[in-house]
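[1] Give me a model of this one.
(3 chains)
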Amino acid sequence: MANKETMAIRGGRILDPGRGVDLVGDVLIREGRIAAVGPGVAAEAGRIIDAAGLIVCPGLIDIHCHLRDPGFEHKETIETGTRAAARGGFTTICCMPNTEPPIDSRAGVEYILRTAAAQGAVRVLPIGCITRGRQGKELAEMGELAEASAVGFSDDGSPVADAALMRHALEYASAFGLPVIEHCEEPSLSHEGVMHEGWVANRLGLRGIPAAAEEAAVARNIALAEFAGTHLHVAHVSTAGSVKLVRAAKKRGVQVTAEVTPHHLALTDEAVMLAAPVPSGVEGADGSIGLMYDTNAKVNPPLRPAADVQACIEGLADGTIDAIATDHAPHAIEDKLCEFDLAAFGISGLETALGLCLTLTEDVGAHGHAPPHPGHAPLQMIIERLTAGPVRALGLARFVPGLGSLAEGAPGDVLVFDPEAEWVVEPERFASKGKNTPLAGRTLRGRVVATIYGGKVVYQA
Amino acid sequence: MVQRATRGKPAEEVRPPEGVDIPTWERRHVLDLDDFSRREMEQVIETADAMKEVLSREIRRVPTLRGTIVATLFYETSTRTRSSFELAAKALGADVVSVAAGASSVQKGESLVDSARTLQAIGADILVMRHRHSGAPYLVAGHVDISVINAGDGWHAHPTQALLDAYTIQQHLGDLRGKKVVIVGDILHSRVARSNIWGLTTMGVQVVLCGPPTLLPWGLRPDHRGNENRALPPVEVDTNLDRAIEGADVVMALRLQLERQQAGLLPSLREYMRLYQVDEERLARAKPSVLVMHPGPINEGIELSPAVAHGARSVIEEQVTNGVAVRMALLYLLAKGR
Amino acid sequence: MPWSALMAEHVILSPEDIRRSLSRIAHEIVESNPTLDDLVLVGMRTRGVPLAARLAQRIADFEGRAVPVGALDIGLYRDDISYLDLKPQLKPTEIPTDIAGKRVVLVDDVLFTGRSIRAALDALIDFGRPQQIQLAVLVDRGHRELPIRADYVGKNIPTARQEDVQVFLDETDGRDAVVVLSTEP
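    Prediction:
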């Protein structure tokens, strides 16, 4: 979005990990693009944002979220979803095609782009379906989707269950240089499961989803990608076994990339049963209920035990996992206010992502207890996995040169945040229609101060 | 001093009736036995004794809960548990409202919470509910002001069954400490097993679970022991019934859902019976005073051989009678001042 | 009871007084009832039970006849259940014989408002239709709230309403005494 105004963000600690930049200074934005970065460049600016004591980095990029629009507008719309993104510090989001109708045609992609341009607060890059209608039977018209500017293909929500079809999808997509983003799940193993299969599920009497359901599919898909020699992106990795498989595949030179959600880096399956602070809008009539079946912690892939969380953190740190992606999955109240078995899967995560990821950099995790991995993940690494990392994983720089960086000429997408500010998660104040988060009432540290998209402030605290 | 509690009026202090022992009962709901203390379980058992005496009279009725309304909300069909609660309520002079919600239609939570709140609005004081989804009573308890008794939720809990089981065992064998109870069958899908594991271990019982590996919960299988088994009570696990049943004081057989075979969890009923049916030969390995129990309904000839099911060691019918007494005890303990 | 420990204790009946009262009551029971064949003593839990047993023992001593003794728990018949947050621990009722057509002598330690006796009458009638119900109490302290009277009384003790009369028996408390507890020293 071209913008004649010049804006400067002055005096902050500038982190551009993709280019190894870490200095205190100013960022100058002119006509919607980064003009200069360094000490003292703010001098000629029209509007100045004071960032002393704050962190200034490229606007965050979320390569996996659900905007529910078209078809499920009661859960979210492109307008509310992008406002939530801005509030969370994201200036570019890639939306998944499991809408109604699903995005398996040019018309669908164009609808997303058109609506985002008219009503969206930030940049939206659509992902198209792998299979027609997401039915898992026939390939979608990937060529047309690519022409319409889809940035990748996924049936997310569902895996491509048929291995032969997946092979063909990987091969076919390579003609357009676009990645296949796969939700790795072996349906016969996860069948009707509602949370991780472990001692918590046993305690609660809930049908479990074994780690093997994800790992078997990851192994299968890596083998197919290796065979086809094309790019596979593994969505929302959650288990130690999956991390190991991706690490080994990368070592062998397979073209595989991976992402992980903030909740899989900070919460365990115990979040389902621990009595959380009373969630917003729900009055507990009596404190003596004891156990809690928190449907806000119901998500697919499910929250895993501490050992898996630790493995994901290690995989993130050593680069096995390229990107943090929110898998923002907003739901209406009635989809979660019901029996655990019947509740929808998903966590509304755009507005808590930064705060949750920053808990990895400190001694204290989101619960107020020591996190599974003893803290101190470098801040630069976390920011890299939210900016340059996602761009690299999906090759997004082809579509938007300079995306995810503060290089000269890059889009004027900047995030200013306060790494020390503590704030309490209040879902009723989310911009997202989805208030479904297991973090309600918890204190996070790390708060968005301003989100700038194309040189325009789209959110300011 | 005790508080005299009347709805809508401030509490007054009254002296406790003289010569009367007032134990504390602070629980508003009975959802599972996982947090019952030994003292609480003993209190229920003691109260059930008094109730059992009432049931032995010619007129099995006392006026204690006159004016109290007990509502049953059963989303799963169940003749025995529901009738048991209804009889228990009526024996105490309470009024009963029964709602049998359709189990086949998709029941989303709003209608579950709505149904419960409607019963509360009608005037129910205690809600007894059974539901096929684990956790449903917790959802309801969080949205009503009245007491909730869980009559069975999914695979998760069936506290009144476990209480009547403990009561039955105590009636025959006295102090439960150190007794060996073997629970055989489909542990994975059994709320009776789970609640009994909690209740019996609280009472100091040595619990042994026995069944095919596919029907044992993850984390409790013999090869998984010591692995992830935290926050669950200590139990032994064995897939070999002949070995597990040695010296048992009680054998509790669980109902086998015949669909498990279709789900690929068992090769055949025939093999299940061969390896896990409690027959006289196996029973002879237990103590001579062994009790044979089953929560019912029995799949005739499958979990127990007919000779064992109807034999001298079987206390299955007593379990049913005791069930009414235990449920009366819980209704009495939960009934609130009006 | 913990709170009674804070109150001043004033002994009204010594162990000797109690012994004499019970002997007299036992004689009166025998005199008032034409035959012992249809008599049943039913003690009200808790302290009415050992009192009934002692009365039966004395009758056996004088008359050489064993009179059946039962124990009645009125917890399920109280009229104040709905006013109590905490409910009394129930104990089973044990009446060893059919009371239909019998003369039942209810035995209790203290007669006060009469509500416990009313509950006991309801309970007994649920067990069967006695020919007659009589009431024997060790102490009558007045302040009736219902039209109930005792047929046999060990001692009448006028009391203030806020005072408390407590009976201690060897079988339940390790000593025999009847005391009045008041807030005045």
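[2] Quick check: A:Arg220 vs A:Ala306, distance?
    As for A:Arg220, its distance to A:Ala306 is 27 Å (criterion: CB to CB, to the nearest Å). In this view, the C-beta of every residue, glycine as well, is placed from N, C-alpha and C.
[3] out of those two, which sits in the busier spot?
    Ranked by neighbour count (other CB atoms under 10 Å in any protein chain shown), A:Arg220 and A:Ala306 place A:Arg220 first, with 17 against 13.
[4] just checking, the more buried one touches A:Asp162?
    No - applying CB atoms under 8 Å, one finds A:Arg220 not in contact with A:Asp162, separated by 10.8 Å.
[5] Could you give me the buried positions within the one helix or strand in chain C whose mean pLDDT sits lowest?
    Across the helices and strands of chain C, mean pLDDT, DSSP states H and E gives its lowest value to strand C:8-13, namely a mean of 87. Within strand C:8-13, the residues that qualify as buried by neighbour count (16 or more other CB atoms under 10 Å in any protein chain shown) are C:12-13.
[6] Residues touching the following helix or strand past that strand, excluding its own?
    Beyond strand C:8-13 in the direction of the C-terminus, DSSP states H and E gives the next helix or strand as helix C:15-32. By CB atoms under 8 Å, 6 or more residues apart in numbering or on different chains, the surrounding residues in contact with helix C:15-32 are C:13, C:36, C:39, C:51, C:54-55, C:58-59, C:62-63, C:105, C:134, C:136, C:138, C:151-155, C:175-178.
[7] one more time with 7 Å, if that's ok
    Outside helix C:15-32, the residues that touch it by CB atoms under 7 Å, 6 or more residues apart in numbering or on different chains are C:54-55, C:58-59, C:62-63, C:105, C:136, C:138, C:152, C:154-155, C:176-178.
[8] Now it - C-alpha only, PDB.
    Provided in PDB are the C-alpha atoms of helix C:15-32 (Å, rounded to 0.1, in the frame of the first residue of the first chain):
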ATOM      1  CA  PRO C  15     -24.200 -42.000  89.900                       C
ATOM      2  CA  GLU C  16     -26.200 -43.000  93.000                       C
ATOM      3  CA  ASP C  17     -29.100 -40.800  92.000                       C
ATOM      4  CA  ILE C  18     -29.200 -42.300  88.600                       C
ATOM      5  CA  ARG C  19     -29.100 -45.800  89.900                       C
ATOM      6  CA  ARG C  20     -32.000 -45.200  92.200                       C
ATOM      7  CA  SER C  21     -34.000 -43.400  89.500                       C
ATOM      8  CA  LEU C  22     -33.600 -46.300  87.100                       C
ATOM      9  CA  SER C  23     -34.600 -48.800  89.700                       C
ATOM     10  CA  ARG C  24     -37.700 -46.800  90.500                       C
ATOM     11  CA  ILE C  25     -38.600 -46.500  86.800                       C
ATOM     12  CA  ALA C  26     -38.100 -50.200  86.300                       C
ATOM     13  CA  HIS C  27     -40.500 -50.900  89.100                       C
ATOM     14  CA  GLU C  28     -43.000 -48.400  87.800                       C
ATOM     15  CA  ILE C  29     -42.900 -50.000  84.400                       C
ATOM     16  CA  VAL C  30     -43.600 -53.400  85.900                       C
ATOM     17  CA  GLU C  31     -46.400 -52.100  88.000                       C
ATOM     18  CA  SER C  32     -48.100 -50.200  85.200                       C
END
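[9] And for whichever residue of chain A sits closest to chain B, the neighbour number?
    Each residue of chain A has a distance to chain B, by CB to the nearest CB, and the smallest belongs to A:Cys338, at 2.2 Å. With neighbours defined by other CB under 10 Å, the count for A:Cys338 comes to 23.
[10] Show me the helices in the chain, by range?
    If you meant another chain, say so; for now it's chain A. For chain A, the helices defined by DSSP state H cover A:78-88, A:106-119, A:142-147, A:163-173, A:187-190, A:199-204, A:211-228, A:240-251, A:263-266, A:306-317, A:333-336, A:353-358, A:379-386, A:388-394.
[11] To clarify, I was referring to chain B.
    Secondary structure of chain B, counting by DSSP H: helices at B:38-55, B:79-91, B:109-122, B:136-141, B:159-173, B:191-202, B:241-244, B:269-276, B:280-283, B:306-309, B:316-334.
[12] These: which one's closest to A:Glu214?
    Distances from A:Glu214 to each of the helices of chain B were compared using CB to CB; the minimum, 26.8 Å, belongs to helix B:191-202.
[13] What distance do you get for the closest residue to B:Pro234 other than its chain neighbours to A:Asp162?
    Of all residues beyond its chain neighbours, the one nearest B:Pro234 is B:Thr201 (6.7 Å), with distances taken as CB to CB, 6 or more residues apart in numbering or on different chains. B:Thr201 sits 47 Å away from A:Asp162, taking CB to CB as the criterion.
[14] neighbour-wise, which of those two wins?
    In terms of neighbours (other CB under 10 Å), B:Thr201 is the more surrounded of B:Thr201 and A:Asp162; the figures are 17 against 13.
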